[in-house]
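Asker: for reference, the sequence and a predicted model appear below.
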Amino acid sequence: MGISLAFLDNLSSNLLAVFHTALVAAFCILLCNLLALRGLEKYAPWQHAHRQEKLPSRLHMALDSLKLCGVVVIGFLLGLTQWPLLHHASTASEYALIFLLFLVGIQLRGSGMTLRQIILNRRGLLVASVVLVSALIGGMIAALLLGVPLKTGLALASGFGWYSLSPAF
């Protein structure tokens, strides 16, 4: 992702505008997601028999997140070098993503879960649907605040990420 970002034209002159747009969009989308998920939990609390395992320390979780951010920054700096080999980074990342999805499928099958159990996960689909709709609403609010067309705000919100749909699986 960082390498692809570094190859954008006029990035240095538009970096402040990109940062502002991303910040407003992320704030609106996350706020809508949090409010919607809180409403879902209040309206339909999750009943489960699973006992919570001890969570890793907050410092450990923060360091894991910083590692991921560091990888993006390193990729960005590497992309600034404009090495010819890096021009294939986006194609290579698509193939890597397809391979990772393949491995997730193998892992799900190896865990003994059937496709029916995965697809008919009612709570997971409900959470994913709430996140999807609330992210799109957040994108519309961001579009209004930024003064951009509504379809641009919806496009920004449509990139809410793979992790938003992960509760379904």
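Answerer: Good, I have the coordinates.
Asker: Leu156: what's it in contact with?
Answerer: For Leu156, the contacting residues are Thr21, Ala25, Ile29, Gly139, Ala142, Ala143, by CB atoms under 8 Å, 6 or more residues apart in numbering. The C-beta positions use only the backbone N, C-alpha and C, and glycine is treated the same way.
Asker: as CSV, those residues with distance to Pro56, pLDDT and secondary structure would be great.
Answerer: Shown next, in CSV, are the contacts of Leu156 (distance: CB to CB, whole Å; pLDDT from 0 to 100; DSSP: H, G, I helix; E, B strand; the rest coil):
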residue, distance to Pro56, pLDDT, secondary structure
Thr21, 34, 89, helix
Ala25, 30, 92, helix
Ile29, 27, 93, helix
Gly139, 32, 93, helix
Ala142, 33, 95, helix
Ala143, 38, 95, helix
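Asker: name the nearest of the residues you listed relative to Glu41.
Answerer: If you rank those by distance to Glu41 using CB to CB, Ile29 comes first, at 18.5 Å.
Asker: and that closest one, how far from Lys151?
Answerer: 16 Å (CB to CB, to the nearest Å).
Asker: where does the prediction get shaky in this structure?
Answerer: By pLDDT under 70, the low-scoring segments of the chain are 1-7, 49-50, 160-169.
Asker: what segments of it are strands?
Answerer: Using DSSP state E, the chain contains no strands.
Asker: tally of neighbours for Phe27?
Answerer: 14 (other CB atoms under 10 Å).
Asker: please name the nearest non-neighbouring residue to it.
Answerer: Ala142 (7.8 Å; CB to CB, 6 or more residues apart in numbering).
Asker: ok, back up a step: make TSV from the contacts of Leu156 and add neighbour count to it.
Answerer: What follows is the contacts of Leu156, written out as TSV (neighbours: other CB atoms under 10 Å):
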residue	neighbour count
Thr21	17
Ala25	24
Ile29	26
Gly139	25
Ala142	26
Ala143	22
